[in-house]
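[1] Sharing a model prediction with you, sequence too.
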Amino acid sequence: MDTHGHRRRRSTGRKVLGRRWFRRAFNSCISVLLAWVYLWAEVLRYWGECFYARLARPSPSGDLQRRLVTAYDYASWYTGALEWDRLQGNDDWRRNPLSSHYDHRLIDARLAQLCEFDLTQDLTGMLFLLRSGLVRNLGGLNEPVLFTRAAAGTKILVEEYTRRVVHILTCIRDATGPAVPRHLKASFFYDTRQCYGRTVLVLNGGSTFGLCHLGVAKALWENRLLPRIIYGTAVGSLIAALICCHSDAELPDLFSTARIDLSAFRRVARRGHVARKLNRLLKFGYLLNVRVLEDCTRDNIGDTTFAEAYAKTGRILNIKVAPYRRHEPPQLLNYLTAPNVVIWSAACASTAALGLFERGDLLVKDAHGTLAAWHPPGAAIPTSKSGGQCGPVGDYDYYCGDDDDDDDLVDVSDPRQPYTRLAELFNVNHSIVSDASPRRLPLWSSPPAPLGHHPDHHRLSPTNLVSILGSLAVRLGRLAGRLVTDELQHRLAQLRQLRLLPAALESFTVERTAASAVIAPTFRLTDFYNMYASPTPDSLPYWILKGEQATWPEIPLIRNRCAIEFTLDAILDQSGEAQAVPAAHAVTPPLSSPPRRKRTMSFH
């Protein structure tokens, strides 16, 4: 009995111990699990508080970005850009020469050679090294992607190489002695500029938005980056004419609007202006009165011809006008192809291609200062189909710009297009495009990126969930808008290549150019209310500032690509080796009865 009771007690004890052990193990597991839950809850609470604090309080970089977007001068913008790069850590990226986007070993090796030749004053070595490898995009050092990280510049190695080349060029210019004769230096600079190529500033369209081109030109001029070759289309041709008809001494007053005369627009009665425009559109097929535009342009530049403008300023004005005959490319007018054509008539004719104005005649100035109508040899004076003298003459049909036949559309791949013609005449291989076309709707346009185009660093600053969701919706809307725009532009370009695109939709297609830098102001919805409004002295500063703000982020890229070219231009000007227009460039009789005359020298 005792043995049986002992066994029972031992069995009961084991059960009690088992229950106690299981209870302790279970409690331990629960404690560990609760500890992990508490730990992760604390971690999430900490990061949640940090995230909320970052959203709730203004971000230093966010405040800086807002100040840069609203900067009123380049000095303030550049100071802010340097601070932005410091806050974002872009200074370290700039100091590190390594990158897969360019050949940093090649650039570093050539920079070391240039420094060695500069230290030893080896002019022969300098000439050989530069002449054998001075190209605009050597080793990919001017790739656009290198200028999208930092706001104030790019890799220090790239900038130092460009500065060193400019310094070496000035050393060669200032060198004296028998080691490098004068004729050898002149030949070196001339040949080097021919190989390096030249830059053209392209001013594309814009209606009233085209006034932004003045701000683009102002920002480039203040940074000594305004190209000598300027090409304008539509409203851009008016701005190009203003710039190329004013000397460097007159440009400050032009950019401050002191020299811009808008009295022609004030002479137009405001009463019933909408009714007048609609009546003109329905009756004649154009919206605005070209006489007002002609008066305004003439008030500002006079009866200056292309050759006279070049002789005065040294800048080469190029204006594209629609062809007068079918199956012809647009005409490119400049001091070589149309030296005696009056600029204001060419600019107004280019603007009329938009369909907003009636097309006027191109005018030429003879030796006595008399203006006469000018058209290509053998052409009659064309007008629109609404009446007048338009029609076949001889074996040609003259294109008046209002025919809807698909055959009248000119293929943009035609080698005679203006961009190819610029390359043929002036050795252009690089362009800066200012695009102020109305097709750039706010939803379609990229958000303002004055910080080196680095939208990934944009930080939201709402204080509640509604603001956060609203900001995200805006960004998603912009992204969707860009996708729709890209697809639409692609389809329109395909239709244009197939000659299936109506003429009325051609203004919504992007002209194919060899553009290396594109400056595109961002417009608000309220700006479209004034898209066709007449310019006023009060509205000009607003549009000029918009153009400046769009240009400042592109200054590092443009400076790095053009510094060497502009240095070569300045050296050739100082040495007197650049070819000039002969003294007899000013006027020749009208082309209706052409006399024998000397050929105008080409500009190189």
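    Noted; the coordinates are in hand. Numbers count the residues shown, from 1 in each chain.

[2] can you map out the strands along the stretch 501-604 of the chain?
    515-519 (DSSP state E, counting those that start in this stretch).

[3] Show me the shaky parts of it.
    501-515, 577-604 (pLDDT under 70).

[4] how about the strands of the stretch 101-250 of the chain, start to end?
    Along the stretch 101-250 of the chain, counting by DSSP E, counting those that start in this stretch, strands occupy 198-204, 229-233.

[5] how is this structure carved up into domains?
    Residue ranges for each domain of the chain read 2-57, 89-193, 197-450+458-585, as given by automatic domain parsing.

[6] any idea which of those domains is most buried?
    Highest mean neighbour count of the domains of the chain: domain 197-450+458-585, a mean of 18 (counted as mean count of other CB atoms under 10 Å). Heads up, the C-betas are built off the backbone N, CA and C, glycines and all.

[7] Would you mind identifying the next helix or strand past the helix or strand bottoming out on mean pLDDT in the chain?
    Every helix and strand of the chain was ranked by mean pLDDT, DSSP states H and E. The lowest is helix 273-284, at a mean of 54. Going down the chain from helix 273-284, the next helix or strand is helix 290-301, by DSSP states H and E.

[8] what does the following helix or strand past that next one rub up against?
    Sequence-wise, the next helix or strand downstream of helix 290-301 (DSSP H and E) is helix 306-313. Outside helix 306-313, the residues that touch it by CB atoms under 8 Å, 6 or more residues apart in numbering are 241, 244-248, 301, 304, 315-317, 333-335, 338-341, 343, 346, 581, 585-587, 600.

[9] that older thread, which one of the domains of the chain lies nearest to Q65?
    Nearest to Q65 among the domains of the chain is domain 197-450+458-585 (6.8 Å), distances taken as CB to CB.

[10] what helix or strand does P339 sit in?
    Counting by DSSP H and E, P339 is found in no helix or strand.

[11] which residue packs closest to it, ignoring adjacent ones?
    Of all residues not flanking P339 in the chain, A307 sits nearest, at 3.8 Å (CB to CB, 6 or more residues apart in numbering).

[12] likewise L545?
    Distance criterion CB to CB, 6+ apart; nearest residue to L545, sequence neighbours excluded, is G215 at 6.1 Å.

[13] Now do the same for that neighbour: its pLDDT.
    As predicted, G215 sits at a pLDDT of 94.

[14] residue contacts, it?
    Counting by CB under 8 Å, 6+ apart, G215 has contacts P521, W543, I544, L545, K546, G547, E548, Q549, A550, T551.

[15] can you tell me which two in these are farthest apart?
    W543 and T551 (12.9 Å).

[16] pLDDT averaged over whichever helix or strand A25 is part of, what's the number?
    Assigning secondary structure by DSSP H and E places A25 in helix 2-56. The average pLDDT for helix 2-56 rounds to 71.

[17] what's the following helix or strand after it?
    Counting by DSSP H and E, what follows helix 2-56 is helix 60-69.

[18] Can I get that following helix in CSV, CA atoms only?
    Output in CSV follows, covering the C-alpha atoms of helix 60-69 (Å, rounded to 0.1, in the frame of the first residue of the first chain):
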residue,chain,number,x,y,z
PRO,A,60,15.3,74.0,-45.4
SER,A,61,15.7,72.6,-48.9
GLY,A,62,12.0,73.1,-49.6
ASP,A,63,12.2,76.8,-48.6
LEU,A,64,15.4,77.1,-50.7
GLN,A,65,13.7,75.6,-53.7
ARG,A,66,10.8,78.0,-53.4
ARG,A,67,13.2,80.9,-53.2
LEU,A,68,15.0,79.7,-56.3
VAL,A,69,11.8,79.4,-58.3
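
[19] L317: which element?
    Going by DSSP H and E, L317 is in strand 316-321.

[20] tilt between that strand and helix 306-313?
    Angular relation of strand 316-321 and helix 306-313 on a 0 to 180 degree scale: 150 degrees, by axes from the mean of the first three to the mean of the last three CA atoms, to 10 degrees.

[21] Not counting strand 316-321 itself, show me its contacts.
    Here strand 316-321 makes contact (CB under 8 Å, 6+ apart) with 200, 228-233, 237, 240-241, 244-245, 306, 309-310, 330-335, 343, 346-347, 349-350, 353, 362, 418, 422, 426, 603.

[22] Note down every partner strand of that strand and its orientation.
    strand 229-233 (parallel), strand 331-333 (antiparallel) (DSSP bridges).

[23] what angle sits between the first one and strand 198-204?
    With the same axes, to 10 degrees applied, the angle from strand 229-233 to strand 198-204 works out at 20 degrees.

[24] what mean pLDDT does strand 229-233 have?
    Per-residue scores along strand 229-233 average to 93.

[25] sorry, back to before: looking at the domains of the chain, spot the one closest to Y72.
    For the domains of the chain, distance to Y72 was read as CB to CB. The smallest value, 6.9 Å, belongs to domain 197-450+458-585.

[26] all helices of the stretch 301-450 of the chain, in order?
    306-313, 343-352, 418-426 (DSSP state H, counting those that start in this stretch).

[27] ugh, typo on my part, it should be the stretch 101-250 of the chain
    Taking DSSP H, counting those that start in this stretch as the criterion, the stretch 101-250 of the chain carries its helices at 104-120, 123-133, 156-174, 182-196, 212-222, 235-244.
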